[in-house]
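Engineer: pasted the sequence and its predicted model underneath.
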Amino acid sequence: MSVSYKKLMHLMIEQDITASQLQKRANISGNVFTRIRRNEYVSLESIEAICSVLKCGMDDIIDFLPVGTNGVNENEK
């Protein structure tokens, strides 16, 4: 299963918060945000901190996708 953080990016736009601001307020490292931008797994602790800052639930920022639905055709790899 893969993850998508598109919802997070949309929520950040809606709440007018930059990546840098979110990093500082949630006390997460730049590496964590890089992993988010790459749609890679991040710790639950980081997700909880982000949700706390944005006042939302995990399902508001993360989509879990079945294997092979990360926007890349598996045959093209």
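Structural biologist: Okay, I see it.
Engineer: got any ranges where this structure has weak pLDDT?
Structural biologist: Where the chain drops to pLDDT under 70, the residues are 68-77.
Engineer: chain center to the helix ranked longest in the chain: distance?
Structural biologist: As assigned by DSSP state H, the longest helix anywhere in the chain is helix 44-54. Between the centre of helix 44-54 and the centre of its chain there are 10 Å (C-alpha atoms, centre = their mean, to the nearest Å).
Engineer: now stretch 34-45
Structural biologist: In terms of C-alpha atoms, centre = their mean, the gap separating the centre of stretch 34-45 from the centre of its chain is 6 Å.
Engineer: ends of that stretch, how far apart?
Structural biologist: This stretch, stretch 34-45, spans 16 Å end to end (C-alpha to C-alpha, to the nearest Å).
Engineer: mind listing what's buried in it?
Structural biologist: By 16 or more other C-beta atoms under 10 Å, the buried positions in stretch 34-45 come out as 35-36, 39, 42. For the C-beta atoms, the positions are set from N, CA and C on the backbone; glycine is no exception.
Engineer: all good on my end, thank you.
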